[in-house]
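Asks: here's a sequence, model it:
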Amino acid sequence: ALMNAQVADVYPSLMRAVTDAGWELVGHGWFQQSLKQADDEADVIRRSLDRLEKAGGTRPRAWLGPGLGESPNTPDMLKAEGVEFLHDWALDDLPVWMRTKHGPMVGLPYTFELNDVPVYAIQSGSSDEYLKRVEATLAMFERELSLQPRVMTLALHPHIIGVPHIAYQLEQVLDLLQARNDTIFMTSSAIGDWFKAADPDGATRILELG
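Replies: Below is the predicted model of the structure:
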């Protein structure tokens, strides 16, 4: 759950439902304002992580900036606050190592192509557009599985994907994925931990390159 931290105060019942369900809380700013517009970016980051930690019991390990907005200093500030994984760079299929002033961090995939806001609110896609894109993405990924696993990010926003005729298509997407024997569902930090385990020398390598 990539959530504005203020949700914990404005919609406490929603935050309780999310934490009771055991979802991982990912930092997403205090409210929906780009960090590039914040008067005090460091304060927004710290306050957001503190509030989500209070709500969920553990400090968030991952972050997606509102609107994917960053200043040149954002990754450094996030790493200084203990964030390990960053979605802001809209990577397609696989994580990457990134350098910050406070040590390596991992850039995690995020998507515009399988993101309900561009698909429906911007591109005015048909009701079944999301399902068609997932099916086509899977068809391409299948060709690559013998050499490399892929991360398929489904970027969903409740006010878009929750509309009944679109939610119906999401059900088909989830059924399709759950029926496969080569697919698992992972949280942000689980993806990051998998990547670090698969490339244990990556952090050292990225430091040496610097």
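Asks: give me the secondary structure label for V83.
Replies: Secondary structure, DSSP: H, G, I helix; E, B strand; the rest coil: V83 is coil.
Asks: count the residues that sit near it.
Replies: The tally of other residues near V83 (other CB atoms under 10 Å) stands at 24. For every residue, glycine as well, the C-beta is placed using N, CA and C.
Asks: in what helix or strand does W30 lie?
Replies: Under the criterion DSSP states H and E, no helix or strand holds W30.
Asks: OK, contacts around it?
Replies: 4-6, 44, 47-48, 51 (CB atoms under 8 Å, 6 or more residues apart in numbering).
Asks: can you lay out those residues as TSV showing distance to T187, neighbour count and pLDDT?
Replies: Output for the contacts of W30, formatted as TSV (distance: CB to CB, whole Å; neighbours: other CB atoms under 10 Å; pLDDT from 0 to 100):
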residue	distance to T187	neighbour count	pLDDT
N4	18	19	96
A5	18	25	97
Q6	22	15	97
V44	23	22	96
R47	23	15	97
S48	18	25	98
R51	19	22	98
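Asks: which one among those gets closest to Y120?
Replies: Of all the contacts of W30, Y120 sits closest to N4, with 20.8 Å by CB to CB.
Asks: tell me which element the residue nearest to the spatial centre of the chain is part of?
Replies: The residue lying closest to the centre of the chain (CA atoms, centre = their mean) is H87, at 5.2 Å. Assigned by DSSP H and E, H87 falls within strand 85-91.
Asks: using CSV, write out every CA atom in that strand.
Replies: Only the C-alpha atoms of strand 85-91 are listed here, as CSV (Å, rounded to 0.1, in the frame of the first residue of the first chain):
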residue,chain,number,x,y,z
PHE,A,85,14.0,0.7,-1.9
LEU,A,86,12.9,3.5,-4.3
HIS,A,87,10.1,3.2,-6.9
ASP,A,88,10.5,6.7,-8.4
TRP,A,89,12.5,5.9,-11.5
ALA,A,90,9.7,4.0,-13.3
LEU,A,91,11.9,1.0,-14.2
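Asks: point out where the chain drops to low pLDDT.
Replies: Scanning the chain for pLDDT under 70 picks out the ranges 210.
Asks: 90 instead?
Replies: 34, 90-92, 144-148, 200, 202-210 (pLDDT under 90).
Asks: quick one on the thing from earlier: next one: the strand holding H87 to chain centre, how far?
Replies: 7 Å (CA atoms, centre = their mean, to the nearest Å).
Asks: now swap in stretch 79-86 and tell me
Replies: Going by CA atoms, centre = their mean, where stretch 79-86 is centred and where its chain is centred differ by 14 Å.
Asks: quick check: end-to-end length of that stretch?
Replies: 9 Å (CA to CA, to the nearest Å).
Asks: what's the burial count for A197?
Replies: 8.
Asks: just confirm it is within a helix.
Replies: Yes. Assessed by three-state DSSP, A197 belongs to a helix.
Asks: what packs against the helix or strand containing R47?
Replies: Secondary structure from DSSP H and E places R47 in helix 41-56. Secondary-structure packing of helix 41-56 (3 or more CB pairs under 8 Å, 6 or more residues apart in numbering; DSSP states H and E): helix 7-10, helix 12-20, strand 26-27, helix 74-80.
Asks: so which residues make contact with the shortest one?
Replies: It stands for strand 26-27. With CB under 8 Å, 6+ apart as the test, strand 26-27 has contacts from 1-3, 5, 45, 48-49, 52, 60, 62-64, 78, 83, 87, 188.
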